[in-house]
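K.L.:
What follows is a predicted protein model with its sequence.
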Amino acid sequence: MSNPLSQSLRLPSGAILANRLVKAAMSEGMADANNHSTPRLEALYRRWARSGAGLLLSGNIQVDRWHLERPGNIVIDDDSGQEQLARLAAAGTSEGAHFWAQLSHTGRQVQDVINTSPLAPSSVDIDVMRGAGFSFATPRKMTEEQIMQAVGQFAFAARKVREAGFTGVSLHGAHGYLISQFLSPLANKRADRWGGSLENRSRFVLEVVAAVRSAVGPDFPVALKLNSSDFQKGGFTNAECVELVKKLNDSSLDLLELSGGSLEQPKIAGLTLMDEGEDAPRESTVKREAFFVDFAASVRAAAKMPVMVVGGFRTTAAMIESLERGELDVIGLGRPIIADPEIPKRILAGEVDRAPSPEAALHPFHLLPWNNMQLERLADGLDPDLLLEGADAVEQFTEIETRNITALLQRRA
């Protein structure tokens, strides 16, 4: 009996994914001080190109250099860096897999050392846990002109991505970044056509998707990453996500990726820091292996485009169950493909029935540094160090990020 995960998937644009496993988007932080791609990024994606996944998604590629998620993000907001970007695209597609660029704009979710006056839908501070090392400036409310400029930035970057040789583009509309901020009633307090009702709060993402599609043409895959819920009282809900997806059904999207939470409520890291509101998980949801899959099921029922879920999948049995139950079409693997860069190939060949989960032995606050230090090793041609202590990873990661911030600020000066 063939493995359902090995089945190909034809997307609305006509592109075909070889199987149902995707290397999920994870921030790499390895661009140079000009925010251009580097040989280390090429080495990293050349490694993942051999993973067996049908699709690789890049980490955050920013459409505005003043709105970085971290100092080592690639930025596409002018004509520079195109040769480096083309080399990265060639590395990721070197073994025949699709390689899509994830485009993002942080909005207010940018460290104040990088931007002391970021743009956002409204002038509302991020409600983050104090003492966690985060520092964000109060954002400026965007003007109509600035909103349309941001729409244009996504379209410009998408066109450059296609020219560079990527095989698709994914728009980051989740995890508290700009698109997600427009969707959230907590972050978007506007009283004009961009805020208030769900119809108005959805306007920005619909404009971005339309502009990107116009920029890349009908035969180039365009995906969107959305929160299945913000999991915050008063935030963007699962019911609103379902209604938004009905609007997106007419937008020619090729893939809808579902996740959840934000920096304020980091559900992707398994943390709950505040009231989850109406989407607080039921006991049946908590018991399931992939946290977002129950919420994704209601979205999948309304969606005309294929749906991907990322976050928590570890066993082949759970992946196949969700696929056969029609809850999703594609499964994203993040942390497992760091711990074992060839885990998709092993799963598809039936060699293993469980992906690695080294995070189980780590403190939640050590997860991000630990995974980033493994990425550093992969980019240097080394294997992951699964015995790395979380505290040691934090120290090493802090040193790298501090050095990158210094280089970025020196470049700007």
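P.N.:
That came through, no problem.
K.L.:
can you tell me which helix in this protein is longest?
P.N.:
helix 390-412 (DSSP state H).
K.L.:
Contacts for it next, please.
P.N.:
29, 33-35, 68, 70-72, 113-114, 362-363, 365-370, 372-373, 376 (C-beta atoms under 8 Å, 6 or more residues apart in numbering). Glycine gets a C-beta too; all of them are placed from N, C-alpha and C.
K.L.:
Am I right that L256 falls within a strand?
P.N.:
Yes. Assignment of L256 by DSSP: H, G, I helix; E, B strand; the rest coil places it within a strand.
K.L.:
Can we start the residue count at 29 from this point?
P.N.:
Got it, first residue is 29 now, which makes that one L284.
K.L.:
isn't it right up against N255?
P.N.:
No. With contact defined as C-beta atoms under 8 Å, L284 does not count as touching N255 (11.5 Å).
K.L.:
what about the two, which has more around it?
P.N.:
Set side by side, L284 and N255 show more neighbours around N255, with 32 against 28, by other C-beta atoms under 10 Å.
K.L.:
Quick check: that one vs V321, distance?
P.N.:
The spacing between N255 and V321, counted by C-beta to C-beta, to the nearest Å, is 14 Å.
K.L.:
How many residues are close by A329?
P.N.:
Applying other C-beta under 10 Å, I find that A329 has 12 neighbouring residues.
K.L.:
tell me the helices in the stretch 279-428 of the chain, going along the chain?
P.N.:
In the stretch 279-428 of the chain, the helices defined using DSSP state H, counting those that start in this stretch lie at 311-315, 321-330, 344-352, 363-367, 371-376, 395-407, 418-440.
K.L.:
Adding distance to F182 and mean pLDDT, write these out as a markdown table.
P.N.:
What follows is the helices of the stretch 279-428 of the chain, written out as a markdown table (distance: least, C-beta to C-beta, whole Å; pLDDT from 0 to 100):
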| stretch | distance to F182 | mean pLDDT |
| --- | --- | --- |
| helix 311-315 | 33 | 50 |
| helix 321-330 | 22 | 85 |
| helix 344-352 | 30 | 93 |
| helix 363-367 | 26 | 95 |
| helix 371-376 | 29 | 97 |
| helix 395-407 | 25 | 95 |
| helix 418-440 | 22 | 94 |
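K.L.:
ok, P384 - contacts?
P.N.:
The contact partners of P384, taken as C-beta under 8 Å, 6+ apart, are P364, A367, D368, I371, L414.
K.L.:
among the helices of the stretch 279-428 of the chain, which is nearest G288?
P.N.:
helix 321-330 (6.9 Å; C-beta to C-beta).
K.L.:
tell me the angle the closest one makes with helix 344-352.
P.N.:
In terms of direction (axes from the mean of the first three to the mean of the last three C-alpha atoms, to 10 degrees), helix 321-330 departs from helix 344-352 by 20 degrees.
K.L.:
In helix 321-330, which residues are buried?
P.N.:
V321, D322, F323, A324, A325, S326, V327, R328 (16 or more other C-beta atoms under 10 Å).
K.L.:
Let's have those in JSON lines, adding distance to P334.
P.N.:
Formatted as JSON lines, these follow (distance: C-beta to C-beta, whole Å):
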{"residue": "V321", "distance to P334": "15"}
{"residue": "D322", "distance to P334": "19"}
{"residue": "F323", "distance to P334": "17"}
{"residue": "A324", "distance to P334": "12"}
{"residue": "A325", "distance to P334": "14"}
{"residue": "S326", "distance to P334": "16"}
{"residue": "V327", "distance to P334": "12"}
{"residue": "R328", "distance to P334": "9"}
